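Enquirer: Sharing a model prediction with you, sequence too.
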Amino acid sequence: MRLDKFLKVSRIIKRRGLAKEACDAGIIRVNGVVAKPSRKVKEGDIVEIDAARVYLKFRILRVPQGNVRKDEASSLYEMLEEKRKWTEE
């Protein structure tokens, strides 16, 4: 499954278009390498999202064949690290 579709199906990013934009901006890495939205992901891959206000690091546990129900989405990955970034204005 493509990275952008996995991010949408797992509900880590709400829309596939936003996932594609995040990949194009270079804020998503798979196994330490900046990833394109078309990159194929597999079980065991480590994904990092380093956005302006949040840092997420998770391991892919299962890659579904298609869409999954909302209550099953969190079973697709294991969160390894999650940090909220706060900026002083």
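Expert: That came in fine, so what should we check first? Numbering: from 1, shown residues only.

Enquirer: just the CA coordinates of stretch 31-43, formatted as CSV?
Expert: Output of stretch 31-43 as CSV, limited to C-alpha atoms (Å, rounded to 0.1, in the frame of the first residue of the first chain):
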residue,chain,number,x,y,z
ASN,A,31,13.0,4.1,8.1
GLY,A,32,15.0,7.3,8.4
VAL,A,33,14.7,8.3,4.7
VAL,A,34,12.5,11.2,3.4
ALA,A,35,9.6,9.4,1.7
LYS,A,36,7.5,10.1,-1.4
PRO,A,37,3.7,9.6,-1.2
SER,A,38,4.0,6.7,-3.6
ARG,A,39,6.4,4.7,-1.4
LYS,A,40,5.2,1.2,-0.6
VAL,A,41,5.0,0.5,3.1
LYS,A,42,5.2,-2.8,4.8
GLU,A,43,4.9,-4.3,8.3
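
Enquirer: Pull the distance from that stretch to the chain's centre.
Expert: Per Cα atoms, centre = their mean, to the nearest Å, the displacement of stretch 31-43 from the mean C-alpha position of its chain is 9 Å.

Enquirer: What average pLDDT does that stretch get?
Expert: Mean per-residue pLDDT for stretch 31-43: 95.

Enquirer: and what of stretch 53-63?
Expert: The average pLDDT for stretch 53-63 rounds to 95.

Enquirer: which other residues reach that stretch?
Expert: With Cβ atoms under 8 Å, 6 or more residues apart in numbering as the contact definition, stretch 53-63 has outside contacts at 1, 6, 12, 41-49, 75-87. Yep, even glycine has a C-beta here, placed from its N, CA and C like the rest.

Enquirer: Kindly recompute the last result at 10 Å.
Expert: 1, 3, 5-6, 9-10, 12-13, 27-30, 40-50, 68, 72, 74-87 (Cβ atoms under 10 Å, 6 or more residues apart in numbering).

Enquirer: Tell me, how many residues neighbour the closest residue to residue 60 other than its chain neighbours?
Expert: Nearest non-adjacent residue to residue 60, counting by Cβ to Cβ, 6 or more residues apart in numbering: residue 45, 4.7 Å away. Neighbour count for residue 45, taken as other Cβ atoms under 10 Å: 19.
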